[in-house]
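Participant: Take a look and give me a structure for this.
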Amino acid sequence: APRRPRAMAEALLDAVPAATRADAELALEITANDHRSALKLLEGRESVRAIAAALEDAPGWTYHWSRKQERWYYHNGRKDADGERQFWRGAHCPIGWAWKTDGRRELSDRKRKKIYFHIAHPAKTYSKPLPP
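Facilitator: Numbers count the residues shown, from 1 in each chain. The predicted model follows:
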């Protein structure tokens, strides 16, 4: 059975004693109760509150850590023909900015063009990440 949010917050506080209860609860909210992502967020250098502020302007979006890719991504809660949609946040992207590829499947990932967007306005795309 899934753990209740209060128990999950307690587990995060046990793992990261320097975190506040408010930040632990906010990290769980940001990550849709994904304990591993919330833990990584609390252990990291980024501000939980800054990420929460970006997500406030983008209803339905959440923030997660990919253990396989070892990077952060945003998820918009939707699926497409390929399954779950994950939009990567590049190391150089400000909070709230993500990228996707231009979709040309015949090219390798490295040769595909990256298209940047802010999660609050995903229809507006750019060739590079811009500050909000």
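
Participant: Geometric centre of the chain: which residue is closest?
Facilitator: In the chain, the residue lying closest to the centroid (C-alpha atoms, centre = their mean) is residue 63, at 2.3 Å.

Participant: Can you say which helix or strand has that residue in it?
Facilitator: strand 62-66 (DSSP states H and E).

Participant: Beta-bridge partners for the residue nearest to the centre of the chain, please?
Facilitator: In this entry, residue 63 is beta-bridged to residue 74, by DSSP bridges.

Participant: ok, it touching residue 28?
Facilitator: No. Using C-beta atoms under 8 Å, residue 63 is not in contact with residue 28, being 11.2 Å away. Heads up, the C-betas are built off the backbone N, CA and C, glycines and all.

Participant: With adjacent residues omitted, what lies nearest to residue 13?
Facilitator: Of all residues not flanking residue 13 in the chain, residue 24 sits nearest, at 5.4 Å (C-beta to C-beta, 6 or more residues apart in numbering).

Participant: cool, and residue 25?
Facilitator: Closest to residue 25 by C-beta to C-beta, 6+ apart is residue 9, at 5.1 Å.

Participant: still on that earlier bit, so who does the residue nearest to the centre of the chain touch?
Facilitator: 30-31, 37, 41, 51, 55, 72-75 (C-beta atoms under 8 Å, 6 or more residues apart in numbering).

Participant: which pair in those spans the largest distance?
Facilitator: Largest separation among the contacts of residue 63 by C-beta to C-beta: 41 and 75, giving 14.0 Å.

Participant: Of the two, which one has the most company?
Facilitator: residue 41 (27 against 19; other C-beta atoms under 10 Å).

Participant: Around residue 126, count how many other residues there are.
Facilitator: 13.

Participant: Can you spell out which residues form a bridge with the closest residue to it other than its chain neighbours?
Facilitator: Nearest residue to residue 126 in three dimensions, chain neighbours excluded: residue 116, at 4.8 Å (C-beta to C-beta, 6+ apart). Beta-bridge partners for residue 116, by DSSP bridges, are residue 99, residue 126.
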